[in-house]
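Novice: turn this into a model:
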Amino acid sequence: MRARVFGLCVALAVIASLPGAAQQQPARQPDVVFVPTPSAVVDAMLKLAMITSSDLVYKVSFVTDDVLTADVSPATVVTLYLSPSFNSRLAPKLMKELKPGTRIVSHAFDLGSWKPQQRVLVSDRPIFLWTVGAPARRR
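Specialist: Alright, predicted model coming up:
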């Protein structure tokens, strides 16, 4: 399976220097800590999203608030491994900016009140799938 995969990985801790200041500001606390996703889970996420060679995949794995202002509209698939609180903050942006038919796959955490169409377990780890514009599944 060939897919054009673009990383939308934004640096976690940016230390900015103030002009004329002798000291740097302390690093900002990250919204999400980096935890690698096991290969079997990555494979299952890509399979669940039904990736094809024509897909444009955005991987969102660790972020700052910058991802909330980034242009994600070209994506046809978005993969997430964030946190429950950050997923809930990101969900309105994804619903608003992604085109109908775009698939979103999340490892471990759902998107708050936006209920997934599918939930599968891979090695006891939950994976969730949504399709933008598709009716939400009722729990």
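
Novice: looks like V35 contacts S83 (just checking).
Specialist: No. Under the criterion of CB atoms under 8 Å, V35 makes no contact with S83, lying 9.9 Å away. C-beta coordinates here come from the backbone N, C-alpha and C atoms, glycine included.

Novice: more neighbours: which of those two?
Specialist: Neighbours were counted for V35 and for S83 using other CB atoms under 10 Å; S83 has more, 18 against 11.

Novice: check contacts around M45.
Specialist: 37, 79, 105, 107, 127 (CB atoms under 8 Å, 6 or more residues apart in numbering).

Novice: buried set for the helix or strand that contains it?
Specialist: Per DSSP states H and E, M45 falls inside helix 39-48. Buried residues in helix 39-48, counted by 16 or more other CB atoms under 10 Å: 41-42, 44-46, 48.

Novice: and for stretch 75-90?
Specialist: Neighbour-count burial for stretch 75-90, with 16+ other CB under 10 Å as criterion, is recorded at 75-83, 86-90.

Novice: export the residues you listed as JSON lines, with columns for pLDDT, distance to L56 and secondary structure.
Specialist: Below are those laid out as JSON lines (pLDDT from 0 to 100; distance: CB to CB, whole Å; DSSP: H, G, I helix; E, B strand; the rest coil):
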{"residue": "A75", "pLDDT": "95", "distance to L56": "6", "secondary structure": "coil"}
{"residue": "T76", "pLDDT": "97", "distance to L56": "5", "secondary structure": "coil"}
{"residue": "V77", "pLDDT": "97", "distance to L56": "7", "secondary structure": "strand"}
{"residue": "V78", "pLDDT": "96", "distance to L56": "10", "secondary structure": "strand"}
{"residue": "T79", "pLDDT": "95", "distance to L56": "12", "secondary structure": "strand"}
{"residue": "L80", "pLDDT": "94", "distance to L56": "16", "secondary structure": "strand"}
{"residue": "Y81", "pLDDT": "92", "distance to L56": "19", "secondary structure": "coil"}
{"residue": "L82", "pLDDT": "91", "distance to L56": "20", "secondary structure": "coil"}
{"residue": "S83", "pLDDT": "90", "distance to L56": "25", "secondary structure": "coil"}
{"residue": "F86", "pLDDT": "90", "distance to L56": "22", "secondary structure": "helix"}
{"residue": "N87", "pLDDT": "93", "distance to L56": "21", "secondary structure": "helix"}
{"residue": "S88", "pLDDT": "93", "distance to L56": "25", "secondary structure": "helix"}
{"residue": "R89", "pLDDT": "91", "distance to L56": "23", "secondary structure": "helix"}
{"residue": "L90", "pLDDT": "92", "distance to L56": "18", "secondary structure": "helix"}
